[in-house]
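# A predicted structure for the sequence below; I have some questions about it.
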Amino acid sequence: MSLLKKCVGLDPNFRKPLDIGLIWEGNYWDDQDVHDCCDVDWETCEILVRKISKALLLPTAPTDGSSKENEKVLILLPKIMQLPLTILAAYRAGIMAIVMDPLTFKTSTLQSILLAEQPKFVVTVDAFWQAQELIEVKSTVENLPEMDETQLLVIRHVAPNNGVPPPKRHYPARRPSYRTSLCLRDGKDWEWSTVMAGVTVGEYSKEFEDGWKWDQDDVIMKLVDEEGKIHTVRHGELLEKLDAKKAGLETKIAEKNGPNIENIMVMDAPKDLETLTNFLVPWYMGKTMTLYEGPLSYPDSSRLAQVISKHNVNILLGSGTYSIPNPEYLKFFAVPSLKIIDMPDFPIVSSYFLNFQQ
């Protein structure tokens, strides 16, 4: 079974079309309990993968007559809902994805990647918030001399829509922000929503399996970590890692007497094979994927527990260590839904959650 079908293939007995497949929690949260979030059902996830896949092959991107095997796309996205959808869409289109985290990348590394890989285009955002810091991405990328031959497919993530008057008060960390704007360069930039609105797809059963057929040894992705190291991912090794991770989590679930597991929260952005495996395994198992875009300390150190409690997360999955300045704040929110913490490099976190039995 292909990675695509394992991750977003619809099945009324396993991955019901109207059940929730993806939850995104944004950076903003205030003392009035206002949150920035959304959820997407499986049917919409599947449709979006096909729409994005077609968009990646549109002639809006530069073409030079080369074969599709040589085409690459640079995905420079924070942990927003378009990130997993675009990764799978590139896989479906037969385009090698180069994935970088805009939170940790260095400009010099990005320049080197652009020169070495020469992606047809870059998928990115206008900007994103981390706590009250607004991180401008598009304006940084578009001014690089290495971008002369590369176009941008830009998600309007923070900038307001044109013509909408600004509010009387500015709220730091909240979308939309009138302290930034999305300016599109003619012939160089393409706005995500406009492109997607023009893409049509057929019925699932007729079109789903029309994706690119990867061989086991094909390089399907290159992941760039915070040090600028490139991690090459081959098709077969990713499938092996996903099968092993799935089996390991299923064993842990069985050891807990088989609790009902529906929702897995992923802590890491993909930067190597291990974090990519963690990133995709919720969908590989047919479970809801929950992503949190902001820092764990904003607006205070209880945020992780708040997200888990709000979305009824069952498994917390991470491969690194994380900064939570006042971890005792995690007890501000009960997390009865949380059954498993799979964070081997950060075991101490389990002792801070209220009502969690390791």
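Cool, got the structure. Numbers count the residues shown, from 1 in each chain.
# okay, now the unreliable bits of the protein?
1, 60-70, 205-210, 354-358 (pLDDT under 70).
# what about the longest helix in it?
Taking DSSP state H as the criterion, the chain has its longest helix at helix 235-255.
# next, the buried residues of that one.
His235, Leu238, Leu239, Lys241, Leu242, Lys245, Lys246, Leu249, Ile253 (16 or more other CB atoms under 10 Å). C-beta coordinates here come from the backbone N, C-alpha and C atoms, glycine included.
# surely the third one and Ser2 touch.
To tie it back to what came earlier, the one meant is Leu239. No: counting by CB atoms under 8 Å, Leu239 stays clear of Ser2, with 9.0 Å between them.
# would CSV of the buried residues of helix 235-255 with distance to Tyr298 be doable?
Putting these into CSV (distance: CB to CB, whole Å) gives the following:
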residue, distance to Tyr298
His235, 37
Leu238, 32
Leu239, 36
Lys241, 32
Leu242, 31
Lys245, 29
Lys246, 32
Leu249, 29
Ile253, 31
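# between the residues you listed, which is closest to Ile23?
Leu249 (18.3 Å; CB to CB).
# contacting residues for that closest one?
By CB atoms under 8 Å, 6 or more residues apart in numbering, the contact set of Leu249 is Val281, Met285, Ile315, Ile340, Asp342.
# go on, Gln132?
Pro172, Ala173, Tyr298.
# this protein - how does it break down into domains?
Recorded structural domains for the chain (assignment: automatic domain parsing) are 42-233, 236-352.
# of those, which is nearest Asp31?
domain 236-352 (8.0 Å).
# and the end-to-end length of the closest one?
In domain 236-352, first residue to last residue: 38 Å (CA to CA, to the nearest Å).
# with stretch 338-353 instead?
9 Å.
# also stretch 202-222?
Termini of stretch 202-222 sit 30 Å apart (CA to CA).
# contact partners of it?
By CB under 8 Å, 6+ apart, stretch 202-222 touches 2, 4-5, 9-10, 43, 46-47, 50, 53, 68, 87, 90-99, 117, 201, 230-236, 238-239, 276.
# if any of the residues you listed are buried, give me the ChimeraX selection for them.
With 16+ other CB under 10 Å as the criterion, this ChimeraX line picks the buried residues out of the contacts of stretch 202-222:
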select :2,4,9,10,43,46,47,50,53,87,90,91,92,93,94,95,96,97,98,99,117,201,230,231,233,234,235,238,239,276
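# next step: the contacts of stretch 202-222 restricted to strands.
Within these, residues falling in strands by DSSP state E are Met96, Ala97, Ile98, Val99, Ile230, His231, Thr232, Val233, Arg234.
# could you dump those residues to a markdown table with distance to Phe346?
A markdown table is the format used below for the ones in strands among the contacts of stretch 202-222 (distance: CB to CB, whole Å):
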| residue | distance to Phe346 |
| --- | --- |
| Met96 | 32 |
| Ala97 | 28 |
| Ile98 | 28 |
| Val99 | 23 |
| Ile230 | 26 |
| His231 | 21 |
| Thr232 | 27 |
| Val233 | 24 |
| Arg234 | 29 |
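# tell me the contacts of the closest residue to Glu146 other than its chain neighbours?
Nearest in space to Glu146, with sequence neighbours left out and distances taken as CB to CB, 6 or more residues apart in numbering, is Leu114 at 3.8 Å. Contact partners of Leu114, counting by CB under 8 Å, 6+ apart, are Leu74, Leu144, Glu146, Met147, Thr150.
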